[in-house]
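Chemist: Predicted model and sequence follow; I will ask about them next.
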Amino acid sequence: MKKRIAVFASGTGSNTINIINYFSEHPSIEVSCVLSNNKSAPVLKSASDLGIISYYFDKKMIEDENGKVSEILDEIQPDIIVLAGFLWKFPSHLIQKHTNIINIHPALLPKYGGKGMYGANVHRAVLDNKEKESGITIHRVNPIYDDGTIIFQERLQITPEDTIESLQQKIHALEHEHFPKVIEQLLEENTH
Ligand code: GAR
């Protein structure tokens with residue numbers, strides 16, 4: 001039986017789609033489902049178009065210990081839960097139950113993390129502070145926003161010409177390059 005990934009995403013889902021494609025022909029790992037808190041998130045349609053079961057849920061469905069999200073995860077029994085542009089805080093009851101949960105953040109944590117720090121807001125803050133570098137962080141999820149143990153970081157240089165859009169593009173490229181590989185590595189380490 002393949003190792004199973006459950007992905008949570010709130011928006012466009014370029015990381016989610018990249019992860020689905022990366023594992024689509026993988027011998028021992030598969031994306032089992034995509035879950036989104038945003039009914040009109042493009043990621044829901046893109047994932048279903050790729051044949052991945054996709055679910056929408058609201059606040060109650062994720063926060064309730066016996067809610068729909070808990071039920072779905074109980075059934076799938078994912079080996080890893082991946083937050084890929086998921087903008088709500090992940091509830092404690094799910095963190096207690098599922099120990100292997102990771103998140104990707106578009107900056108070099110511990111800087112530029114916390115509530116409200118997502119997507120373009122992060123890049124704007126980095127540029128406003130005239131940082132010389134930024135990057136990506138993949139970390140374990142605990143009950144505090146962007147606070148769990150860091151698993152992986154990759155840096156990039158910021159140039160004077162960079163804008164929010166150009167930085168976002170560069171960050172996305174780094175995320176797409178590394179996120180699936182880090183997931184794969186974590187799941188393969190678990191086998192031994
Ligand atoms: C990604 O850059 C991810 O790092 C960021 O949202 C973007 C989602 O893009 N996550 C956060 O900011 C979490 N605090 P995508 O929908 O194209 O994958």
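Modeler: Arrived safely. Residues are numbered from 1 along each chain as shown.
Chemist: What is the neighbour count of His26?
Modeler: By other C-beta atoms under 10 Å, the residues close to His26 number 15. Placement of C-beta: from N, CA and C, glycine included.
Chemist: So what touches stretch 135-152?
Modeler: Contacts of stretch 135-152 with the rest of the structure, by C-beta atoms under 8 Å, 6 or more residues apart in numbering, involve 81, 83, 89-90, 92, 95, 101-110, 113-115, 117, 153-156, 171, 174-175, 178-179, 182, 186.
Chemist: Report the separation between the two terminal residues of it.
Modeler: One end of stretch 135-152 sits 11 Å from the other (C-alpha to C-alpha, to the nearest Å).
Chemist: what comes up buried for stretch 14-31?
Modeler: Counting neighbours by 16 or more other C-beta atoms under 10 Å, one finds that the buried residues in stretch 14-31 are 14-20, 22-23, 29-31.
Chemist: That should have said stretch 31-48, apologies.
Modeler: Within stretch 31-48, the residues that qualify as buried are 31-38, 41-44, 46-47, counting by 16+ other C-beta under 10 Å.
Chemist: Quick check: what element follows the helix or strand where Asn121 lies along the chain?
Modeler: Here Asn121 sits within helix 120-128, counting by DSSP states H and E. Per DSSP H and E, the first helix or strand lying C-terminal to helix 120-128 is strand 133-140.
Chemist: returning to what we had before: contacting the ligand as well, which ones from the contacts of stretch 135-152?
Modeler: Subset of these in contact with the ligand: 104-106, 117, 171, 175, counting by C-beta under 6 Å from any ligand atom.
Chemist: pLDDT weak spots in the protein?
Modeler: Applying pLDDT under 70 to the chain flags the ranges 190-192.
Chemist: Spell out which residues of it are next to the ligand.
Modeler: Near the ligand, when you scan the chain using C-beta under 6 Å from any ligand atom, you find 9, 11-16, 84-85, 104-106, 117-119, 122, 171-172, 175.
Chemist: what's the longest helix seen in the chain packed up against?
Modeler: In the chain, with assignment by DSSP state H, the single longest helix is helix 164-189. Using 3 or more C-beta pairs under 8 Å, 6 or more residues apart in numbering; DSSP states H and E, the elements in contact with helix 164-189 are strand 3-8, helix 14-23, strand 29-36, strand 80-83, strand 101-105, helix 120-128, strand 133-140, strand 150-157.
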